[in-house]
Structures are given as C-alpha cells and as structure tokens.
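[1] whatever this is, show me its structure:
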Amino acid sequence: MQHLDGLNDAQREAVLATEGPVSVLAGAGSGKTRVLTTRIYHLIKEGVPANRILAVTFTNKAAREMRERLAHRLGDSPLPFVATFHGLGRDILQRYGNRIGITRYFTIFDRDDSKSAIRKVLKDMGIDPKEMNPNFVLSRISKEKGEGSTPEAFREKYAQKSFQSRVIAEVWPKYEAILRKEKALDFDDLICLPVRLLREHEDIRKEAEQLYSHVHVDEFQDTNELQGKLAGYLSAVHNNLFVVGDIDQTIYTWRGATIENLLKFEEQYANAKTIVLAHNYRSTKTIVAAGNQIIEKNQNRKDKHAVTDNPDGEPIRLHIARNAESEARWVAREAKKTIREGVPPEEIAVLFRTNFQSRALEEAFLSEGLPYKVLGTRFLDRKEVKDVLAWVRLALDPEREVDRVRAVQAPTRGIGKVTLGKLIDGKRDTLKPAEVKKVAAFESIVMELNELSKIAVPSEFVKLVIERSGLAEALRKGGEEDAERLENAKELATLASRFDGIPGEEGIAAFLAESALAGDQDELDAPGTTGITLMTVHAAKGLEFDTVFVTGMEQGLFPHEAREGEQRDEEEERRLFYVAVTRAKRKLNLTLATVRRIYGTDFASEPSMFIRDIDEGLITFSEGDELYGERTIYI
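    Sure, this is the predicted structure:
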C-alpha cells in the first residue's frame, strides 16, 4: 500500500488500527496530522464510505488543512465531514434542533455579541458594568454551560453564595431570553445543546449514533467534559473512536479542558489501544532535548520521551536585558538579522505569556521597520467587516433586532436612536412621515437582499450586500483609510467563496457560521497579514516556525503568578513553556528583563525557574548581553 510509505512503525500502527477505541499520544512535531489524514484515506481505500467518517479538531485552520490534504489525495472523490467541535455541534443542531425550538438558520453570537448582550442586561438591572465586569459574567456562564449546567441549576446551587453569584443567577436567564429573541446561540450552546439533545431524546441519539462508523478527534487533551461525551455518543454503536492528543500540551484547563479525557481513555473505553508517537520531525536535537528536560519534571502525565534524527542544531540562546524596551530592541534586531540570513518573516514568531508584553515589542518592530502581525487583532473584528456581516445576517432573517440596529447605521441614513427606539418598542405608528419614508427605504433594501439570498452564491451575495446597502458608496467618498476599509469589506467575498459550492441560504449560513467561529489562528490566512508573528503562547499551539523568541522568561511572568485567591497550576505553566519551546524548528531564543514595568510600577525580576530545567550545555548567552557574565544566577 503506497500510502503507507514513509511512515515510521508507530505511525503505520496507528493508521492500520482501524477497529475499536484507539488513543494516540502524539508528541510535538511527531506527524499527527499526517497520521490522521493517512488513516482516513486508508479507511476510504478499504471501502468505508467517506460520509461515514467524521474528523473533529479545534480550529477552523486545522480543519481546513485536513480537508485540503484529503482533497489532494482523494481528487474528485467525496470528502468525509471534517469540522471543529463547534462546527459539528452546528451540524447536529441543524439536523435536529427543531425538536427544541431552534431554527435551521440560527445566528451564532461571537464573544463580543455575548458581552454586549450581558452589558445590556446589567444596565437594565441597574448594575454598572464597571462594577460587575460583563466579561467575568460571561466567563462564569460559559464555564457553567461547559459543565452541562443550566440557569435553573445554577440558581439553586449558587444564588445564596455571594453577591456575584446572585447577580449571575439573575443575568443568565435574561441573557438566554436575548439569544432566543435573536434566534441565536452562543459558542457554548453549540456543544451543550447537542449533548442535551442526544442525552434526552433517545430517537435522535439512535439516529445520530448511526451517522458515522469511524470517529476521529484531534487535540483530545483540549476537550472538556461535554466534548468528550459528544464524541462518546457518536461512536457508541460502532465503537471506533480514534483520538489523538498530547497530555504534555494540555494548556486550556482554565477554560474547561480536562486532562482526564486522555489520561483515563483506557479506563473509559474497554479494550482501548494506546500508541505513542515519539519521533519528532520538526526540531533540532538541542530543542528536542530541552523539551524533554522541561516536561519530564511534571508528574501528571504519561511517559513519553521524544527522539529525533535531525541535526544537533544551534544552542538555545538566552538574552538578559535591562528592561522590557531593551529586550524588545534586541528581539527586533535579531529578527532583522534572521531575515537578512534568508529566513522569511512568516517563519519567525515572537511569543509572550501575556498580551501586555506586545506593546514594547511592537514599538521596537516599528522602529526597525519590520513587517509584523499581532495574532488576536482579528480581521473579522474590524468595524467595516462586522457591518457587512450584520447586513448578511439581517438579509437572511429580517427579524434579527441586533443586526437591524447595526445595519441601519451602516452607513448612516438619517434613522436616529429615537426612531430606532420606536421600532424596537413596536411603536411604528408614532413615526413621523419623514421617518416612515427613511425606514421604508431601508426595509426595502433588506427585503430585496432577502430574496437574493435564496438564489445567490455566497461570494456574489456578499458583493451585492456591500453595494446595495450603501456601504461601498459611503466608503468610496472617504479618504485613504475608508478606501482600505472598503478593500477589507470586499475581502469578505473572498472568504465567502469557499462556500460557493453551496448556493443560496445554505451556503450563506455556512459562511456566517465559519466567520462566527473563527479563532486567532485563522488570522494567519487573513488578508494583509504577512510578516513576523507576535502572539501569546496559548495562541501558538499547533503552529511551527523556523525561529522562535520566547520573551519575558521571568519568575511571576512565566510561570505566571496566580490571581489573588487562586493557586498556580505549576504543571500547566510548565506544559505551556514546553509548547513554546517546541514551536521552534531550527532556532530558539529565550529572553528576559531584569526590571519590568507592570501597571506603571518597576519590578526587579528573577529568572524563570523553567530556565533551570534546561541543561546548561544546551544554552549559550547571546553576544553583547548587557549583563553578560552573570550566568551563575541562571544555572
């Protein structure tokens, strides 16, 4: 079988283990995506219909890459269903959601939409959002939903515990009412509602259990309790659940991921087989050795020691700077030197533990004239892009109030807040003649686009929306910045073209869903995002670069200090450092500042305890260090 050529023994074993529950412990750079796609290809070649195979991962980017690899191998043959967990949840709700009152083309609230809704609820309750942070309220509701709780269960359990809990108990049902009114779901609903459907409706569960004969889950260490249950439901009949993960890269427990799903896989699934992929194809021997030394200090893991046939490579460079600005200047100069040596900017990453560190780095990069992008500044969060998306959603369903409020002001058309208030309150009969005329003109455009949405392919529909809404005309009248905004708006048509094979409302809804579920890593493929990548270590998981700078290697910053009243999870912080180190293929740089200003105050810094985890023989001090020679404090 030619498709097995080039696989090592463990990879081949994983591809050929096609029956029963299988967990693959895949170390960094071990070729897990190749194993997943080869296994799926092998199943299809062995006669398993593509529509009986499911593959689930965590980011749109990873799902797209998997689909592209399979399409390259399969040619014009049908592809299996490859999706994120949220994409899978959306599919299940589109199939069966009408049983619990969910319309087929529901809106997905992104985090900003959800925060706005919660902010409105708090204000309506007379609570200043500055005193009760909407982001905190949303995070708590999200955590509860991820654990399968409901507003009623939360009220019963926590309403008498504290003032914050009492407020959340009041906010949550009001927030749910806004979602229902807008025919919307939030991210957490895309997991908790499918699980509830399958748990409470036996007929739906029996039908769903038969959908797929082989279920694959990537990044299984990142699954929460409900995602683990969802995978279990869908594989219950055929018992062919194939999960890939790395316990050593579990870095999302703070948002509900449970390491237990992978640690206890063999206990949960009888006769489960475990295969270890330990061969690293990504990094030099030096980087692989450092990764092993770092992660082997952890106790809560399964034994896995990475090996590689790659060259030794360069030592890891440690740079000690006087302060954050000096650190950033050194990183910028070294990045510039690396580019001159022939490394493309896109193959360089600068990682940091917390977002505030990016400020000094950006200033230094600007000063050096270096091209860069900060992951987290999302293309889809730009005002002009959100305006177009609001119009698209409104055209699909003219009853959406939140989108109507945004669209009517994009561009402005003389319909002010007073008029909007009358419409929202159902007082249309109190409108003045001039207001009636403006509202009628706006609604005429919405209804025209609604008709066109039934027949147009997604990319053409986005173009129609930009023109018919008046956005294009308004932006053309502006200056250079408005011209750039118009180009950003038009770029949405390019993104929508991925769904042109699904004409009409179905394709437009699929485009909207992917847009709503886009994560930080999707920005790597967004327009105008060339250059060196600056991002948090969390955002870097799953990526790889020729050259990596891990900045802020100071005690209290990395590992990060626990918040007041919490206990730091040292093992998770070490896993996070392991992830940072193993992103590098050829060159790894660690930097720190002896003094760092945080919230306006200068703090003397101690070197991170994690640096001591790496053998002294693997590290060299950078030339020109301002504190060169004081290396004894780091060993």
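
[2] where do the helices sit along the stretch 451-600 of the chain?
    Taking DSSP state H, counting those that start in this stretch as the criterion, the stretch 451-600 of the chain carries its helices at 458-468, 471-476, 480-496, 504-516, 537-540, 570-581.

[3] dump the third one to PDB, keeping only the CA atoms.
    So the one you mean is helix 480-496. These are the backbone C-alpha positions of helix 480-496, laid out as PDB (Å, rounded to 0.1, in the frame of the first residue of the first chain):
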ATOM      1  CA  GLU A 480      -7.300  56.600   2.200                       C
ATOM      2  CA  GLU A 481      -8.500  54.900   5.400                       C
ATOM      3  CA  ASP A 482     -12.000  54.500   4.000                       C
ATOM      4  CA  ALA A 483     -10.600  53.000   0.800                       C
ATOM      5  CA  GLU A 484      -8.700  50.500   2.900                       C
ATOM      6  CA  ARG A 485     -11.900  49.700   4.800                       C
ATOM      7  CA  LEU A 486     -13.700  49.100   1.500                       C
ATOM      8  CA  GLU A 487     -11.000  46.600   0.500                       C
ATOM      9  CA  ASN A 488     -11.400  44.800   3.800                       C
ATOM     10  CA  ALA A 489     -15.100  44.600   3.300                       C
ATOM     11  CA  LYS A 490     -14.600  43.200  -0.200                       C
ATOM     12  CA  GLU A 491     -12.200  40.700   1.100                       C
ATOM     13  CA  LEU A 492     -15.200  39.000   2.800                       C
ATOM     14  CA  ALA A 493     -16.300  37.900  -0.600                       C
ATOM     15  CA  THR A 494     -13.100  36.000  -1.000                       C
ATOM     16  CA  LEU A 495     -13.700  34.300   2.300                       C
ATOM     17  CA  ALA A 496     -17.300  33.600   1.300                       C
END
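
[4] from now on call the first residue 16
    That works, and once the first residue is 16, the last one we named lands at helix 495-511.

[5] on that earlier part again, the helices of the stretch 466-615 of the chain: which one's closest to residue 333?
    Across the helices of the stretch 466-615 of the chain, residue 333 has its closest neighbour in helix 585-596 (12.5 Å, CB to CB). Where C-beta positions appear, they are placed from N, C-alpha and C, glycine not excepted.

[6] helices or strands up against the lengthiest strand in the chain?
    Longest strand in the chain, counting residues (DSSP state E): strand 599-608. Packing contacts for strand 599-608, counted by 3 or more CB pairs under 8 Å, 6 or more residues apart in numbering; DSSP states H and E, involve helix 300-310, strand 331-336, helix 339-355, strand 560-565.

[7] pLDDT below threshold where in the chain?
    174, 391-394, 439, 533-544, 577-583, 613-616, 638-650 (pLDDT under 70).

[8] can you say which of the helices of the stretch 466-615 of the chain is nearest to residue 334?
    Shortest separation from residue 334 across the helices of the stretch 466-615 of the chain is recorded for helix 585-596, at 15.2 Å, computed as CB to CB.

[9] re earlier: possible to save the helices and strands packed on strand 599-608 as JSON lines with distance to residue 20 and mean neighbour count?
    As requested, the helices and strands packed on strand 599-608 are arranged in JSON lines below (distance: least, CB to CB, whole Å; neighbours: other CB atoms under 10 Å):
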{"stretch": "helix 300-310", "distance to residue 20": "25", "mean neighbour count": "23"}
{"stretch": "strand 331-336", "distance to residue 20": "34", "mean neighbour count": "23"}
{"stretch": "helix 339-355", "distance to residue 20": "35", "mean neighbour count": "20"}
{"stretch": "strand 560-565", "distance to residue 20": "27", "mean neighbour count": "24"}
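
[10] need those in JSON lines with distance to residue 553, can you?
    Listed next are those as JSON lines, based on distance: least, CB to CB, whole Å:
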{"stretch": "helix 300-310", "distance to residue 553": "17"}
{"stretch": "strand 331-336", "distance to residue 553": "21"}
{"stretch": "helix 339-355", "distance to residue 553": "19"}
{"stretch": "strand 560-565", "distance to residue 553": "13"}
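
[11] and these: which comes nearest residue 382?
    With CB to CB as the measure, helix 339-355 is the member of those nearest residue 382 (7.0 Å).

[12] is it true that residue 387 touches residue 549?
    Yes. Using CB atoms under 8 Å, residue 387 is in contact with residue 549, at 5.8 Å.

[13] which of those two has more residues huddled nearby?
    Neighbours around residue 387 and residue 549, counted as other CB atoms under 10 Å, are more numerous at residue 549. The numbers are 26 against 22.

[14] and the more buried one, bridged to which residues?
    residue 365, residue 389 (DSSP bridges).

[15] surely it and residue 390 touch.
    Yes. The criterion here is CB under 8 Å, and residue 549 meets it with residue 390 at 7.0 Å.

[16] hang on, residue 477 packs against residue 402?
    No. Using CB under 8 Å, residue 477 makes no contact with residue 402, being 12.0 Å away.

[17] then residue 635 would be within a strand, right?
    Yes. According to DSSP: H, G, I helix; E, B strand; the rest coil, residue 635 belongs to a strand.

[18] what about it, how many neighbours?
    For residue 635, the tally of surrounding residues (other CB under 10 Å) stands at 13.
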